[in-house]
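Novice: Sequence first, then the predicted structure, then my questions.
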Amino acid sequence: MYRFFKLYDRTGVFILIIVEAIILAIFAPHFLEAETILNILTQSMTYIVLGLGMTMVLTSGGFDLSLEGIISVSAVVFAYLTRITGFPQAILASLSTACLIGFLNGFIITRLKVNPFIATFSMWFVLQGAAFLISGAKQITILRKEYMQLGVGKTLYIPNTILISLIALLVFYILLHRTPFGRHIVAIGSNEPAAELSGLNIVRIKTLVYVIFALTCGIVSLIRVSQSMIGVPRMSQGYLLFIFTVSVLGGTDLYGGKPNIIGTFFAGIFIAMTFYGLNLLRVEYNYQLVALGGILVFALFINGLRNRYLSIMIAKGVKG
Amino acid sequence: MVEAIFKEKKSMRIRLGEIWSNFGMLIILAIVLTIFFILSPNFRQPVNLIDTFGLGSFVGIGAIGMSLLIMAGEIDISVGSMQNLLGVLTLSLIPKISGIGGLFFIIVVACFLGLINGLIVTKLKVPAFIATLGMLFIYKALAFIYTNFQVSFTDDKFWQFIGQSKIFRIPFSAILLGFFYIVGFLILRKTTIGRYIVAVGSNKNSANLCGINVDNIKILAFILCAFFVAISTVIITSAQASANPGSLGNEYEFRLITAVVLGGTMMGGGMGSIGGTFIASLIIVYFYNGAGMIGIQPYWQNIFMGILLIFSVSMNNLKSTLLGQTKG
C-alpha cells in the first residue's frame, strides 16, 4: 500500500493522462492530430502556471482565493494603460499592480493575523469590484495588433505559451527544491511554530509567497489578454476551482509542507486535456463543470485516503 | 509604583477589549445607520426601515446556520449556489406539489445537500472550504442544466404569504427572523447539541476524548446550515415570486460569512454568539439598502464590505490579544 501511494505520487497523474488519451482517441474525432495535441499543450499554460503558484502557496500552509480578482484587476489595468502609454510601461504597471495586491494579501495575513481564508475571500470581492470600477464595467479592447505576438506567437518554432509553462516548471522546481527559500516554505507549511522557533522570518517568507503567487496571476492575465486582445473585468471566472483541482490532483498536500511540482505540471495538462476532450465530444459547458467538480472530489478522495493511511502508518511506527 | 502602573495599563487594555467585544457591533450599526440617516431622506422613513428588516431577513436567517457551522470549526461556501439550486428546483415543482409540499420538499432536499457536504468534509478529511468550493460549482452547474437559464415564477398563495404578507404592519418574514433567532439561540445555549458544537469547535481532540462523536456533530452542523439556507431561500423566492438561476444566491456566501465574522464568531470555531450575528446581519442589510439609496455603485458596496470584513477580523484578533485569549 505504501508503495502504491509512493508510486501514485510520482506517476499517478501521468497514468490518468494516458488513460484519458486512450479514451479520447477512441471516442473523440480528430483527437490524434498534431494540432490537437499542440492546442492542449498551449491551453494548459494557464493551469500549469497558476497551479504551480498555488502549489507553492499551499505548501506554505496557506491558500489564495483571490486569484480571479488578481487576474481581472491586472488584465483591466493593462488594457486601460495601453490606451495611454506604450506596452512596456503597461506590462510593468500591470505586473506591479499584481505584486502590490499580493503584498497586501500577505500583509493582511501575516501582520493583521487574519485567517487566510477570510483575508483572500474578501480580497476576491474587493478586487472584483475594483476591476469593474477601473474598466467602467466594460470590455476594453486592445487596438494594436503587435501585442498578440506574446500569447500566440512562436519563438524558435515553439509556441510562447509552451515555453512559458516549461520555464515556470523549471523556476518553481528550483525555487522549492533547490533553494533555502523553498526549504523555508516547506518548513513553515509543516510546522509553523517550530519554524518560527528555529529563527525563520515567517512574516517575510509568507508575504513573499503571496507576492510570487500574485505575480504568476499577473503573468497569466497578460498572456490571456494577449490571446483575446480584450481586458474584461470578469476574466477567468471559475478559475479558482480549476486551479485548486490542478494542485490537489497533482498530489500537493492541502495542509501544507508537501509540494508536488511535477505532479502539478501534469495535472495542468490533464485538466486542459479534459476540457478539450469534452469540447471535442460536444459536451455542454455546465456538464464540464460538473465533471470537473467530480475530478476534484476524486482527487480529494485519493488525498484523504493517502493521509489516513500515512497517519495509521505513522501511528504504528512504520517509517516510509 | 511600577506595579500600580502595570495594573492600571492592563485593566485599561482589558476594558478596551471588553468594550469592543460587547458593543463593537452596536457601534458599527449606529455609525452605518447615522450616516445613511443623514445622507438619504428615503432611508429614514419608518416604512423603509421595517421593510428592509423583513426583506433582509434572508441574510439574517442564513447567518444563523452559518454561525453554528463556523462555531463547529467548519465552513460552507456553497450556500450561494445551494440557494440557487434549491430555489429553481422548488419553484419549478410548486405547480405540481403546491406551496406546502414545496416547503417540505425544499427542507428535505436542503438537508440532503447539507448531508453530502458534511460527509465529504468529515469522511474524506478535506478542508471544508475546498470541498464546498467543488460543491459550489457542481450545484451551480446543476441549476443551470436543470433550468436551461429559464426563470421560473410562482403565484402560489401560501408561498407568497411567507415573504410578502404583513401582520400589523410587521412583515411576516421579520417575525420568522425573530423566531429562528430564538431557535438558534436555544440550540446553541440550551441544548446538548449546541454545547457539543462549541466543544468540537474549540478542541476537536479533547471533544473526541470526552466521548463526543466529532464527525456526527460536524455533519449535523452542515445539515443545520443547509436547513437555514432553505428557509432563507423560501423567503427570498417568495418575496420576488420568482427564481432566476442567473442571479439567485449570487454573493450570498459572502454576505453570510461577513455577517458571521462581523458578529464576532471566531474563524476556527469554538467561540461566538448568535446575538452578534443578528446585529451584524442588520449592519449588512441596512448597509446595502442605504448604499443603494444614495446611489453608490454595487462594485463600491462590495469593496466596502470586503474591507469591513478584514477590519472586523483584525479587530477580533486585537480583542483576543487585549483580553489575553490565545485562540484566534
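Specialist: All right, it came through fine.

Novice: how about the residues of the stretch 51-200 of chain B that lie near chain A?
Specialist: Contact residues, the stretch 51-200 of chain B versus chain A (CB under 8 Å from any CB of the partner chain): B:75, B:77, B:120, B:123-127, B:129-131, B:133-138, B:140-142, B:144-145. C-beta: built from backbone N, CA, C; applies to glycine.

Novice: ok, of those residues, which come out buried?
Specialist: Applying 16 or more other CB atoms under 10 Å in any protein chain shown to these, the neighbour count classes B:75, B:77, B:120, B:124-127, B:129-131, B:133-138, B:140-142, B:144-145 as buried.

Novice: Where helices are concerned, which of those count?
Specialist: B:120, B:129-131, B:133-138, B:140-142, B:144-145 (DSSP state H).

Novice: from these, which two are the most distant?
Specialist: Spatial extent of these (CB to CB) is set by the pair B:129 and B:145 at 24.5 Å.

Novice: Let me know the closest of the ones in helices among the buried ones among the residues of the stretch 51-200 of chain B next to chain A to residue A:162.
Specialist: residue B:137 (27.8 Å).

Novice: ok now do that closest one, which residues does it touch?
Specialist: By CB atoms under 8 Å, 6 or more residues apart in numbering or on different chains, the residues touching residue B:137 are A:238, A:241, A:289, A:290, A:292, A:293, B:81.

Novice: okay if I get those as CSV plus neighbour count, secondary structure and distance to residue A:100?
Specialist: Converted to CSV, these look like this (neighbours: other CB atoms under 10 Å in any protein chain shown; DSSP: H, G, I helix; E, B strand; the rest coil; distance: CB to CB, whole Å):
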residue, neighbour count, secondary structure, distance to residue A:100
A:238, 15, coil, 25
A:241, 21, helix, 26
A:289, 20, helix, 32
A:290, 19, helix, 37
A:292, 22, helix, 31
A:293, 22, helix, 33
B:81, 26, helix, 31
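
Novice: Pick out whichever of those residues sits closest to residue B:220.
Specialist: residue B:81 (21.9 Å).

Novice: so the closest one makes contact with residue B:139?
Specialist: Yes - here residue B:81 reaches residue B:139: they are 4.0 Å apart, a contact under CB atoms under 8 Å.

Novice: before we move on, back to that, between which two of the contacts of residue B:137 is the distance greatest?
Specialist: Greatest spacing in the contacts of residue B:137, by CB to CB: A:292 and B:81 (14.3 Å).

Novice: dump the residue contacts of residue B:219.
Specialist: Counted by CB under 8 Å, 6+ apart, residue B:219 has contacts B:115, B:118, B:119, B:122.

Novice: Now rank the residues you listed by neighbours and give me the top one.
Specialist: residue B:118 (27 neighbours; other CB atoms under 10 Å in any protein chain shown).

Novice: how far away is that one from chain A?
Specialist: Using CB to the nearest CB, to the nearest Å, residue B:118 is found at 14 Å from chain A.

Novice: Who are the packing partners of the one helix or strand that residue maps to?
Specialist: Secondary structure from DSSP states H and E places residue B:118 in helix B:79-123. Packed against helix B:79-123, as judged by 3 or more CB pairs under 8 Å, 6 or more residues apart in numbering or on different chains; DSSP states H and E, are the following elements: helix A:285-316, helix B:57-71, helix B:128-147, strand B:152-153, helix B:157-164, helix B:214-240, strand B:242-243, helix B:252-262.

Novice: hmm, 7 Å instead?
Specialist: helix B:128-147, strand B:152-153, helix B:157-164, helix B:214-240, strand B:242-243, helix B:252-262 (3 or more CB pairs under 7 Å, 6 or more residues apart in numbering or on different chains; DSSP states H and E).

Novice: residues from the stretch 101-250 of chain A in reach of chain B?
Specialist: Neighbours of chain B within the stretch 101-250 of chain A, by CB under 7 Å from any CB of the partner chain: A:108, A:112-115, A:117-119, A:121-123, A:125-126, A:128-130, A:132-133, A:238, A:240-241, A:244.

Novice: Now, of the residues you listed, which are buried?
Specialist: Neighbour counting over these (16+ other CB under 10 Å) leaves A:108, A:113-115, A:117-119, A:121-123, A:125-126, A:128-130, A:132-133, A:240-241, A:244 as the buried ones.

Novice: what's near enough to touch residue A:269?
Specialist: By CB atoms under 7 Å, 6 or more residues apart in numbering or on different chains, the contact list for residue A:269 reads A:17, A:40, A:41, A:44.

Novice: shouldn't the second one be in contact with residue A:275?
Specialist: No - the pair residue A:40 and residue A:275 does not pass the contact test of CB atoms under 7 Å, sitting 8.8 Å apart.

Novice: what touches both of these two?
Specialist: In contact with both residue A:40 and residue A:275: no residue, using CB under 7 Å, 6+ apart.

Novice: can you list contacts of stretch A:295-305?
Specialist: Here stretch A:295-305 has contacts from A:241, A:244-245, A:248-249, A:254, A:274, B:120, B:124-126, B:131, B:134, using CB under 7 Å, 6+ apart.

Novice: Now that stretch: buried residues?
Specialist: Those would be A:295, A:296, A:297, A:299, A:300, A:302, A:303, A:304, for stretch A:295-305 by 16+ other CB under 10 Å.

Novice: Which residue is the nearest non-sequential neighbour of the last one?
Specialist: Excluding its sequence neighbours, the residue lying closest to residue A:304 (CB to CB, 6 or more residues apart in numbering or on different chains) is residue B:124, at 4.0 Å.

Novice: Would you mind measuring from the one you found to residue B:291?
Specialist: 40 Å (CB to CB, to the nearest Å).

Novice: still on that earlier bit, show me the two of the contacts of stretch A:295-305 that sit farthest apart.
Specialist: A:274 and B:125 (25.2 Å).

Novice: Mean pLDDT added to the helices and strands packed on helix B:79-123, as CSV?
Specialist: Shown next, in CSV, are the helices and strands packed on helix B:79-123 (pLDDT from 0 to 100):
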stretch, mean pLDDT
helix B:128-147, 86
strand B:152-153, 82
helix B:157-164, 79
helix B:214-240, 90
strand B:242-243, 82
helix B:252-262, 86
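
Novice: Just say which of the ones you listed is most tucked in.
Specialist: Burial of the helices and strands packed on helix B:79-123 is given as mean neighbour count (mean count of other CB atoms under 10 Å in any protein chain shown); helix B:252-262 ranks first at a mean of 27.

Novice: What is it packed up against?
Specialist: helix A:116-135, helix B:57-71, helix B:79-123, helix B:274-293, helix B:298-323.

Novice: Of these, which shows the lowest average pLDDT?
Specialist: Averaged per stretch, pLDDT over the helices and strands packed on helix B:252-262 is lowest on helix B:298-323, reaching a mean of 79.

Novice: Now it: buried residues?
Specialist: Those would be B:299, B:301-306, B:308-310, B:312-317, B:319-320, B:322, for helix B:298-323 by 16+ other CB under 10 Å.

Novice: Distance from it to the middle of the chain?
Specialist: 16 Å (CA atoms, centre = their mean, to the nearest Å).

Novice: That helix vs chain A: in contact?
Specialist: Yes - using CB under 7 Å from any CB, helix B:298-323 reaches chain A at B:299, B:300, B:302, B:303, B:305, B:306, B:307, B:309, B:310, B:313, B:314, B:317.

Novice: Using a markdown table, lay out those together with distance to residue A:216.
Specialist: Below are the residues of helix B:298-323 next to chain A laid out as a markdown table (distance: CB to CB, whole Å):
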| residue | distance to residue A:216 |
| --- | --- |
| B:299 | 25 |
| B:300 | 28 |
| B:302 | 25 |
| B:303 | 24 |
| B:305 | 27 |
| B:306 | 22 |
| B:307 | 25 |
| B:309 | 25 |
| B:310 | 23 |
| B:313 | 26 |
| B:314 | 27 |
| B:317 | 29 |
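
Novice: No more questions from me, cheers.
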